Structures are given as C-alpha cells and as structure tokens.
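J.: fold the following.
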Amino acid sequence: MRECGERETMVQVIQAHIPVLREEVLELLQPRAGGIYVDATVGGGGHAEAILGRILPGGRLIGLDLDDAALELASARLARFGEAVTLVQGNFASIKEILARLGVRAVDGVLMDLGLSSMQVEEPGRGFSFNLEGPLDMRMDRRQSLRAADLVNELSEDALADLIWRYGEERWARRIASAIVRARPLATTRELAAVVMEAIPRRAWPRAIHPATRTFQALRIAVNRELENLEKGLPDAVEVLREGGRICVITFHSLEDRVVKQTFLRLSRGCTCPPGTSPCQCGGRRWLRVLTKHPVTPTPEEIRQNPRARSAKLRAAERLADPLPRGERGSEQGSGG
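T.: All right, here's what the predicted structure looks like:
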C-alpha cells in the first residue's frame, strides 16, 4: 500500500510540474532530430520531455541533476523514451568530465534551468522554504555535508553579514546577522524566518516578497556554491557545443543573470587587445553569437498559470566555428588594405 501511495504522489508531482518558458526554450534551442542535447538541470523532466519530442528518432538526451529525488521524478516522467535518455547525478560544473565518461565529445545543445523546483520548495524536510517548518538544510545534493544550519550557527557575525549581503543583496544584512548570532542556536526554517522578520524594521518589509526571502536565497546559494558552479560550468558547457550548437540558460535572480550576461558577452567579444594590436596578444577567442539582446521573460499568461515563473529570464547563444583571435581574423580578411 505504501509503494502504491508513493507512486501516486510521484505521478501527481510529475503532472503538476510546469517547465518555465518551455516554448521560448524550444524556439531558441532549436532541437532537431538525431541531435544530442544536455539538460544540465533536468529536475522533474519537463523541459527534457519537450526536447525529446523534437529530437526523436535518433536523438539523445543527457539529463544531469544534483538532486537524487529530482532524478527519480525525471526517470519516471521520461521512462517511455527508453534508451534515448541518460540520467546522471552530477554537477553541471563537471559537464566536460561527465560527457567524457559517457563517450560524448560534442553536443548540439545545452539547457540550464537554474530555478528551484516546486518539489524542492514544497518538501519541508529539504529546508528551502521559510513558509514550512523544516530543518535548516538547503542541500541540493544530499551527499554533501555542509548544511545551512552550519553557516547560520558557526559563521562569525561579520562573515554571516557578508554572505547575506553578497548572495542575497539584502540591505539589512548586518542587522540580520547580529540578530541571528544573538538567537543561536537555530535549528528550523521558521525559527530563522522569525529572527529575520524581527531584525528588519516593519516599515522596511518588502511588499512583493517575504522579508526572509533574500536571507534564505543567500544561504541556499552559499550551501550549494551556485555562483561558483555557474562561473565554471557555463564556459565548459559552451566548450562542449559543436559548431552551430546552442545554449539556453534560465535564471531567477540578478546574481545568476549577471554571470550569464557577462559570460556570454565575454565569449562573444573574444580578443580584448587594444585596437590595432596584431597579432592578438591576449589569446582571446570569439566562441559565441548571442541570440538574445535582452533576456526573454514569461508572458503575463504564463505568470498567471505559474506564479513562480515571474522572475525568470532566458538568455541564449550559438557556438561559432573554430574561433580565432580577433586580430588574426581581421588579418585573414585583409583588414586595413
């Protein structure tokens, strides 16, 4: 009976999972039959399912995720696609190593959806939500040892304030850190949320979000090393694309979007030597053509259907041919003649 109940719950979660900006991702990624695509944050498998619908027959989808529970859901949702799907528990920061182990040298597209899934937020035991009573955990990969409770209860006041400011962009970071240190030890999400709410003057509570949102975001980012993983994984994902391959990244807060924007810009500019320098001295390469001058955002209709999509931003780029330094490329074209 228990197994039957768990199966029904899984089916309900799968059916409730709504992939953000699905049609926009398909339009920009342009998955085609026979191609190899990586969903680097496969989650519940919603985007992967849509991609598989475009790449069969002959295509292959490789899904990565740190969360074993997410992989279980994706496995159930994508089971009907059989051997066209390969799921791996792993970090997209290791995308090159993972693909090498699978014998894959290059792929036609990569998708990164950096948002938390509904499953993670709504499971109290994961500790992601300030609205649900749960342990201060926040690990996406439950094999790792570091938890949010370790940061909350062990960091110095200055280090905690710096973390909340840097990763949460919280103007009240110092007051919050001071209040947390006075209230230690803290064990649950609601205990922490209450301390944060008390630390922020009532008149300064944000209107659109819970007062503890930025503090919880900061702790989650730190626990999972999200920005460090993105800074490493994004250029590596570009490197494994074949010529004409595309990468799409969905972000949900300004820190992530800034990393994606700046990385795409850097890889699309290539050489940064002063004008007139030839040959190139910096070794820069132009790897990408940016496809989204401005980020793509959800329509009002999508936000009505899926309120969690409201802060999503989608950026995309296309891998160029064998890149050359700008100085060498200009010389080949006979510039200055």
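J.: hang on, residue 230 packs against residue 260?
T.: Yes: when contacts are counted by Cβ atoms under 8 Å, residue 230 is listed as touching residue 260 (7.4 Å). Where C-beta positions appear, they are placed from N, C-alpha and C, glycine not excepted.
J.: any common contacting residues for the two?
T.: Shared contacts of residue 230 and residue 260 (Cβ atoms under 8 Å, 6 or more residues apart in numbering): none.
J.: any idea of the mean pLDDT for stretch 246-261?
T.: Stretch 246-261 comes out with an average pLDDT of 97.
J.: what comes up buried for that stretch?
T.: Residues of stretch 246-261 classed as buried by neighbour count (16 or more other Cβ atoms under 10 Å): 246-253, 255-257, 259-261.
J.: okay, and which of those map to helices?
T.: 255-257, 259-261 (DSSP state H).
J.: what backbone torsions are found at residue 113?
T.: The phi/psi pair for residue 113 (degrees, to the nearest 10) reads phi -110, psi 100.
J.: residues in contact with it?
T.: Taking Cβ under 8 Å, 6+ apart, one finds 19-20, 39, 41, 43, 47, 250 in contact with residue 113.
J.: where neighbours are concerned, which of the residues you listed has the most?
T.: residue 39 (30 neighbours; other Cβ atoms under 10 Å).
J.: now the phi/psi pair for that residue, please.
T.: phi -100, psi 100.
J.: pretty sure it sits against residue 64.
T.: Yes: between residue 39 and residue 64 there is a contact at 7.1 Å, judged by Cβ under 8 Å.
J.: buried residues, the helix or strand hosting residue 237. List them.
T.: Using DSSP states H and E, residue 237 sits within helix 226-239. By neighbour count on 16+ other Cβ under 10 Å, the buried set for helix 226-239 is 226-227, 229-230, 232-234, 236-238.
J.: pull the distance from it to the chain's centre.
T.: The gap between where helix 226-239 is centred and where its chain is centred comes out at 10 Å by Cα atoms, centre = their mean, to the nearest Å.
J.: what residues does that helix touch?
T.: Contacting residues not belonging to helix 226-239 are listed as 38, 40, 91-96, 110, 112, 114, 167, 220-221, 247, 249, 255-256, 259-260, 263, 267, 287-288, 317, 319 [Cβ under 8 Å, 6+ apart].
J.: how about stretch 208-221?
T.: With Cβ under 8 Å, 6+ apart as the criterion, stretch 208-221 contacts 116, 128-131, 136, 138, 148, 151-152, 163-170, 176, 189, 192-193, 196-197, 200, 205-206, 226-227, 253, 255.
J.: at 6 Å instead, please
T.: 130, 138, 148, 151, 163-164, 167-168, 170, 176, 193, 196-197, 200, 205 (Cβ atoms under 6 Å, 6 or more residues apart in numbering).
J.: I appreciate the help and will end here.
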